[in-house]
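Using only what follows, build the 3D model:
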Amino acid sequence: MQRLAIPEDVTGNEIDADVRQELKSLPKTLADDVARNLVMVAQLLDTEPEEAYKYSRVALRLASRVASVREAAGFASYMTQRYSEALTEFRAARRMTGRVDLWPVMADCERGLGRPERALAMAGEAEVKQLDKAGQVEMRLVAAGARADLGQFDAAVVTLQSPELASSAIHPWTARLRYAYAEALIAADRGEEARDWFAKAADADPDGSTNASERLAEIDGLEFVDALDPDAEEGDEDDRDDRDERDDRDDRDEDDRDEADREADDRADRDERDDRDDRDERPAPRSGRSTRDEGENEVIFEEDEDVEEYYDEDDLEMEEADEADIARIRDRD
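Predicted structure coming up:
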């Protein structure tokens, strides 16, 4: 028989008194062994259900005729979605004890097996009337879920409408009932009402047993980040790195654009200076003629090479004669 390691500090004294009383029908050594396995089931059921399931199977092999062992095995199977096994164990525990408190979870196993009609039938049977208030609320939750499974969303809303839902008193099941009602309203396309009920569920759920606060934030367009979640921190750091990298690329692109603009301005300045230098170095015309465009007073001087073609030898001789006359006049004076 497979046995699982159990910490030395785990003793059978940690189980409930009524379970310990049941185990007295077993030899003491065997009873202690079963008790320690049941303690491990209880400790791991919510956090590590697969491990809890393994311990429950060991306890089941050791003491299958003990009702509390069958019940523990049923819940371990239920939490790991082994609904057929769970239903078998719950039925066995009910036969052994005659109790009806497992009725709602048995009906939910029917839902898990794809038989919502069977779950609804169980919601209408006499056993429901024997349940306490918490059990009756649980049965309503299961019945509403079965209605939703069948696509009867408005009927699911009606199923959950009850004095317990309308009450302002807070009970262990209040948050779950309000949360289920909000979900039913969402499915029935009544989102505005659903928001109010998610808020009411969050008010009744200070320990966060439901995710009502997250659903409310989702509707309001907010986002929660778990500060203690290393994956979330890593994701945030990656996002920051991505943003920083994009910012660096944008800065480099902007610097490149600025540098290109400066180079273009420098080239334009150099071209303008070169043009001015060319104009300054160009020799002034010795003579010329002016032309006037229509409507303009701009004077355009011809270049030396253009003017020279209008000079002939007579013109040059006249210039030399004029210079000689000027020289004689200066001599007389």
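
Alpha carbons only: can I get the helix or strand containing residue 119 in CSV?
Using DSSP states H and E, residue 119 sits within helix 116-123. The C-alpha atoms that make up helix 116-123 are tabulated as CSV, following Å, rounded to 0.1, in the frame of the first residue of the first chain:
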residue,chain,number,x,y,z
PRO,A,116,-28.0,20.0,-14.4
GLU,A,117,-31.6,18.7,-14.7
ARG,A,118,-30.7,16.1,-12.0
ALA,A,119,-29.4,18.9,-9.8
LEU,A,120,-32.6,20.8,-10.2
ALA,A,121,-34.6,17.8,-9.3
MET,A,122,-32.6,17.4,-6.1
ALA,A,123,-33.3,21.0,-5.3
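
Skip ahead from that helix and say which helix or strand is next.
For helix 116-123, the following helix or strand on the C-terminal side (DSSP H and E) is helix 133-149.

what's the burial count for the residue lying closest to residue 133 once chain neighbours are set aside?
Among residues not flanking residue 133 along the chain, residue 164 sits closest, at 7.3 Å (CB to CB, 6 or more residues apart in numbering). In this view, the C-beta of every residue, glycine as well, is placed from N, C-alpha and C. Neighbour count for residue 164, taken as other CB atoms under 10 Å: 18.

ok, residue 164 - contacts?
Contacts here follow CB atoms under 8 Å, 6 or more residues apart in numbering; on that basis residue 164 touches 133, 137, 140, 171, 173, 174, 177.

From those residues, keep the buried residues only.
Buried subset of the contacts of residue 164 (neighbour count, 16 or more other CB atoms under 10 Å): 137, 140, 173, 174, 177.

Of those residues, just say which sits nearest to residue 101.
Nearest to residue 101 out of the buried ones among the contacts of residue 164 is residue 137 (CB to CB; 12.7 Å).

Now do the contacts for the closest one.
Taking CB under 8 Å, 6+ apart as the criterion, residue 137 is in contact with 162, 164, 173, 177.

Which of these fall within strands?
Counting by DSSP state E, no part of the contacts of residue 137 is found in strands.

Okay, buried residues for the helix holding residue 119 please.
So helix 116-123, judged by 16+ other CB under 10 Å, has buried residues 116, 118, 119, 120, 122, 123.

and if you look at stretch 20-36?
Buried residues in stretch 20-36, counted by 16+ other CB under 10 Å: 20, 22, 23, 26, 31, 33, 34, 35, 36.

Please report the distance of the second one from residue 219.
Residue 22 sits at a distance of 47 Å from residue 219 (criterion: CB to CB, to the nearest Å).

And for stretch 51-63, what's in contact with it?
1-4, 6, 23, 26, 30, 33-34, 37-38, 40-45, 69-70, 72-73, 75-77, 79-80, 82, 89.

give me that answer again for 6 Å
Applying CB atoms under 6 Å, 6 or more residues apart in numbering, the external contacts of stretch 51-63 come out as 1, 4, 26, 34, 37-38, 40-41, 44-45, 69, 72-73, 76, 80.

Export only the CA atoms of that stretch, formatted as CSV.
The C-alpha coordinates for stretch 51-63 follow below in CSV (Å, rounded to 0.1, in the frame of the first residue of the first chain):
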residue,chain,number,x,y,z
GLU,A,51,-1.8,16.5,-2.6
ALA,A,52,-4.9,16.4,-0.3
TYR,A,53,-6.5,13.9,-2.7
LYS,A,54,-3.5,11.6,-2.4
TYR,A,55,-3.7,11.5,1.4
SER,A,56,-7.4,11.0,1.3
ARG,A,57,-6.9,7.9,-0.9
VAL,A,58,-4.5,6.5,1.7
ALA,A,59,-7.0,7.1,4.5
LEU,A,60,-9.7,5.5,2.4
ARG,A,61,-7.7,2.3,1.9
LEU,A,62,-7.0,2.1,5.6
ALA,A,63,-10.5,2.7,6.8
